[in-house]
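*Asks:* Give me a model of this one.
(chains A and B)
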Amino acid sequence: KQEVTQIPAALSVPEGENLVLNCSFTDSAIYNLQWFRQDPGKGLTSLLLIQSSQREQTSGRLNASLDKSSGRSTLYIAASQPGDSATYLCAVSRDTGFQKLVFGTGTRLLVSP
Amino acid sequence: SAVISQKPSRDICQRGTSLTIQCQVDSQVTMMFWYRQQPGQSLTLIATANQGSEATYESGFVIDKFPISRPNLTFSTLTVSNMSPEDSSIYLCSVSWTGPYEQYFGPGTRLTVT
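*Replies:* Alright, predicted model coming up:
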């Protein structure tokens, strides 16, 4: 059974810092990995998707990397802003029945001005 | 991507009643899913909504408790039946297309059962 863990569970940083969020998964037989953000009481916003054959994806100040063999992904946020405050979730899909996502436990990020 | 809406956005219901949640997409999609997020928890997949046939449920979820319909490629409903306080959660629908199967989520329905 796939298990997805995110470290740290919570993170508080001053504005402007670069930061790294970690995601690990127990079964390396994945099809893709997605990073989402969730604002309090709201739905999920897709940030980045990395297919299993890819090593990284970039969107603006966000960069996500994937090391499939070691079961790890990182989300790098450059020059953090208060608007980045949210819960960040990673999710993986299996390489069979690959539409189904298994979610991590989340990292709650607070960026203070 | 697509614009995904859910109705209602929130509701407070009494124990023993049922609530039907609607998910509408502004374009045709291949896959539709329903997830549950219990308070302070991450998301758990309830089922895959299949167009014109019975939904595919994950372990721990049954059709009698969570009947799902998907009459076409843009619309699905999830019913939470015979509710108890343990059903208090956020319910989210998501959609995807063929490869690479990136999923997009609706805004969620916050359900409180008293």
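
*Asks:* What score does B:Y101 have for pLDDT?
*Replies:* With respect to pLDDT, B:Y101 scores 77.

*Asks:* so which strand or helix has it?
*Replies:* Assigning secondary structure by DSSP states H and E places B:Y101 outside every helix and strand.

*Asks:* in terms of contact, does A:L101 touch A:C90 like I think?
*Replies:* No - the criterion here is CB atoms under 8 Å, and A:L101 misses it with A:C90 at 9.7 Å. Just so you know, the C-beta spots here come from the backbone N, C-alpha and C atoms, and that holds for glycine as well.

*Asks:* neighbour count winner among the two?
*Replies:* A:C90 (31 against 26; other CB atoms under 10 Å in any protein chain shown).

*Asks:* Count the residues that sit near the nearest residue to A:D39 once chain neighbours are set aside.
*Replies:* Among residues not flanking A:D39 along the chain, A:A86 sits closest, at 5.1 Å (CB to CB, 6 or more residues apart in numbering or on different chains). When counting by other CB under 10 Å, one arrives at 20 neighbours for A:A86.

*Asks:* mind listing what A:A86 touches?
*Replies:* For A:A86, the contacting residues are A:37-40, A:108-109, by CB atoms under 8 Å, 6 or more residues apart in numbering or on different chains.

*Asks:* Try it again at 7 Å.
*Replies:* A:37-39, A:109 (CB atoms under 7 Å, 6 or more residues apart in numbering or on different chains).

*Asks:* show me where pLDDT drops low in chain A?
*Replies:* Counting by pLDDT under 70, chain A shows low-confidence ranges at A:95-98.

*Asks:* need the residues of it near chain B, please.
*Replies:* A:32, A:34, A:41-44, A:46, A:49, A:51, A:89, A:93, A:98-101, A:103-106 (CB under 7 Å from any CB of the partner chain).

*Asks:* What pairs with whatever helix or strand B:I46 lives in, parallel or antiparallel?
*Replies:* Here B:I46, judged by DSSP H and E, is contained in strand B:43-49. Partner strands for strand B:43-49, per DSSP bridges, with pairing direction: strand B:31-37 (antiparallel), strand B:56-57 (antiparallel).

*Asks:* ok, and which of those strands has the densest surroundings?
*Replies:* Most buried of the strands paired with strand B:43-49, by mean neighbour count (mean count of other CB atoms under 10 Å in any protein chain shown): strand B:31-37, with a mean of 23.

*Asks:* How far off centre is that strand?
*Replies:* 5 Å (CA atoms, centre = their mean, to the nearest Å).

*Asks:* all strands for the chain, in order.
*Replies:* All of this is about chain A. Per DSSP state E, chain A carries strands over the ranges A:4-7, A:10-14, A:19-25, A:30-38, A:44-51, A:56-59, A:62-67, A:72-77, A:86-94, A:101-103, A:107-112.

*Asks:* Chain B, not that one
*Replies:* B:4-7, B:10-13, B:19-25, B:31-37, B:43-49, B:56-57, B:68-69, B:75-80, B:89-96, B:104-105, B:109-113.

*Asks:* Switch the ones you listed over to JSON lines; also include mean pLDDT and distance to A:F25.
*Replies:* Formatted as JSON lines, those follow (pLDDT from 0 to 100; distance: least, CB to CB, whole Å):
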{"stretch": "strand B:4-7", "mean pLDDT": "96", "distance to A:F25": "26"}
{"stretch": "strand B:10-13", "mean pLDDT": "97", "distance to A:F25": "32"}
{"stretch": "strand B:19-25", "mean pLDDT": "98", "distance to A:F25": "28"}
{"stretch": "strand B:31-37", "mean pLDDT": "94", "distance to A:F25": "18"}
{"stretch": "strand B:43-49", "mean pLDDT": "94", "distance to A:F25": "15"}
{"stretch": "strand B:56-57", "mean pLDDT": "94", "distance to A:F25": "22"}
{"stretch": "strand B:68-69", "mean pLDDT": "96", "distance to A:F25": "27"}
{"stretch": "strand B:75-80", "mean pLDDT": "97", "distance to A:F25": "27"}
{"stretch": "strand B:89-96", "mean pLDDT": "95", "distance to A:F25": "19"}
{"stretch": "strand B:104-105", "mean pLDDT": "94", "distance to A:F25": "20"}
{"stretch": "strand B:109-113", "mean pLDDT": "97", "distance to A:F25": "28"}
